[in-house]
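Enquirer: Need the 3D shape of this:
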Amino acid sequence: MAGENFSRRLRKIHAVLAEKMAEHRPDVVEVEELFFAKNTKTALKVAQARGVILLTAMKAQIPLLEFTPLQVKQAISGYGKADKKQVQQMVKLFLKMTKIPKPDDAADALAVAVCAANSHKLIELYDKK
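Expert: Presented below is the predicted three-dimensional model:
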């Protein structure tokens, strides 16, 4: 996909994601909220891709959970300002992996998933009261 027209890349993200959502029928989609980046051009592209992801989930009628990076770090490490290495190490421990997941984006995605799973359990507990 690298080097491909960006609009086509967004369309491909939508197509593959819609296919996977239909195939696996997840109960929820969790997405990390954007943070301010130093590179505006990159931030805009990430925001556009994130919009495609949100729209794809909404069209599939799958509930969305969104978390800030601070919330994810807090849920994973107990410290909202944990560095990337600390978060990666905790993901490895939580998921009983033998190695830190690679690439870094995969570890980030797993951290968001663990955060969502823990949050979902808390929501269920409060809903039962």
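Enquirer: OK, contacts around the residue nearest the centre of the chain?
Expert: What sits nearest the mean C-alpha location of the chain, by Cα atoms, centre = their mean, is Val31, with 3.9 Å. Applying Cβ atoms under 8 Å, 6 or more residues apart in numbering, we find Val31 in contact with Arg50, Ile53, Leu54, Ala57, Leu64, Leu65, Glu66, Phe67, Val112. Every residue, glycine included, has its C-beta placed from N, CA and C.
Enquirer: May I ask which of these has the most neighbours?
Expert: Val112 (23 neighbours; other Cβ atoms under 10 Å).
Enquirer: Specify the local secondary structure of it.
Expert: Three-state assignment for Val112 (DSSP: H, G, I helix; E, B strand; the rest coil): helix.
Enquirer: mind giving me the domain ranges of the chain?
Expert: Following automatic domain parsing, one finds the domains of the chain at 1-67, 68-129.
Enquirer: about what we covered before: could you dump the contacts of Val31 into CSV with secondary structure, pLDDT and distance to Ile100 added?
Expert: Converted to CSV, the contacts of Val31 look like this (DSSP: H, G, I helix; E, B strand; the rest coil; pLDDT from 0 to 100; distance: Cβ to Cβ, whole Å):
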residue, secondary structure, pLDDT, distance to Ile100
Arg50, helix, 93, 24
Ile53, helix, 95, 24
Leu54, helix, 96, 28
Ala57, helix, 96, 28
Leu64, strand, 89, 27
Leu65, strand, 89, 24
Glu66, strand, 91, 25
Phe67, strand, 92, 21
Val112, helix, 93, 16
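Enquirer: Can I get these in TSV including distance to Leu44?
Expert: Formatted as TSV, the contacts of Val31 follow (distance: Cβ to Cβ, whole Å):
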residue	distance to Leu44
Arg50	11
Ile53	15
Leu54	16
Ala57	21
Leu64	21
Leu65	24
Glu66	19
Phe67	21
Val112	21
